[in-house]
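Student: Can you look at this prediction? I've put the sequence above it.
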Amino acid sequence: MNKIITFNHNQNHQSQTASVLNYQPSPELSPEVEGTAEVHSLAAVIGNVYLGERVMVAPGASIRGERERLVWVSQEVQIRDGVIVQGVDTGHHQELMGEPVVEVNGHYYGVYIDRGVTLAHQCQICGPASIGAETYVGMQSLIFRATVGSNCVVEPKALVMGVNIADDRYVPAGALITTQAAADDLPGISPRYSSRRRQPMVAQGRKFNAKVISSENQVA
């Protein structure tokens, strides 16, 4: 491994909710949460995790970073009810088997979620994995040891495992995408699909964030 991202944990970024916790085996690994992020009290953010500006984490969601497997969540990401995001240790008898990280712009992460992503109810992102900007991952889908490009739509109950999906691709509901050939054959998103289905999903999350920011400003 060439490079691992680490943080100087600034007390100004610590959340006031009891659901943001240190990782118990390594107490020095604590989440870093930006001030405009919103973490519900019934969600859990544990360990080596970064939450960017205007991130929303809904009830029942769990985000966990494992030691060097940083989970990075960029700005304006929606993590909805029951979502699981976790960097996975890949090992046998306490020895790592390969590198359980994904490289993004020369840095390494357990999971990397780019800006404006929506993770719908009960989907799972298990690293090493990355999700590109403005992508929508549908309900009960599983992304495991895979990369999904920007401006993609993964429909509900799809499985994406061990592949790289290009930008602007559409994964049908219930699809099993477990070979690179299957990933390469995925259809593009037509302008009609994008305007009628994907954009309202992303816009809904942004409206939620706008309400959060507005209420904070009123309190201040």
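Tutor: Everything's here; your move.
Student: contacting residues for the nearest residue to residue 155 once chain neighbours are set aside?
Tutor: Nearest-residue entry for residue 155: residue 173, 3.7 Å, with adjacent residues in sequence omitted and distances by C-beta to C-beta, 6 or more residues apart in numbering. (Each C-beta comes from the backbone N, C-alpha and C, glycine too.) Shown in contact with residue 173 (C-beta atoms under 8 Å, 6 or more residues apart in numbering): 138, 155, 156, 157, 158.
Student: What about the residues you listed, which one has the most neighbours?
Tutor: residue 158 (22 neighbours; other C-beta atoms under 10 Å).
Student: tally of neighbours for residue 52?
Tutor: By other C-beta under 10 Å, 19 other residues sit near residue 52.
Student: re earlier: specify the local secondary structure of the residue nearest to residue 155.
Tutor: coil (DSSP: H, G, I helix; E, B strand; the rest coil).
Student: Test for you: state the pLDDT assigned to it.
Tutor: Looking at residue 173, its pLDDT reads 95.
Student: Check the one 5 residues further on too.
Tutor: In the predicted model, residue 178 carries a pLDDT score of 96.
Student: Wait, it touches residue 171, no?
Tutor: No. Residue 178 lies out of contact with residue 171 (C-beta atoms under 8 Å); the separation is 11.8 Å.
Student: residues contacting the residue nearest to residue 74 when sequence neighbours are not counted?
Tutor: The shortest distance from residue 74 to any non-neighbouring residue, by C-beta to C-beta, 6+ apart, is to residue 115 (4.3 Å). The neighbours of residue 115, taking C-beta under 8 Å, 6+ apart as the test, are 52, 74, 75, 76, 77, 133, 134.
Student: Just the pLDDT for residue 88.
Tutor: Confidence score, pLDDT, at residue 88: 69.
Student: unless I'm mixing things up, residue 117 is touching residue 77, no?
Tutor: Yes. Residue 117 lies in contact with residue 77 (C-beta under 8 Å); the separation is 4.9 Å.
Student: low pLDDT regions in the chain?
Tutor: For the chain, residues meeting the criterion pLDDT under 70 lie at 1-28, 88-100, 192-220.
Student: which residues in it form helices?
Tutor: 180-184, 191-193, 199-219 (DSSP state H).
Student: ok, residue 104 touching residue 113?
Tutor: No. Using C-beta under 8 Å, residue 104 is not in contact with residue 113; the gap is 10.1 Å.
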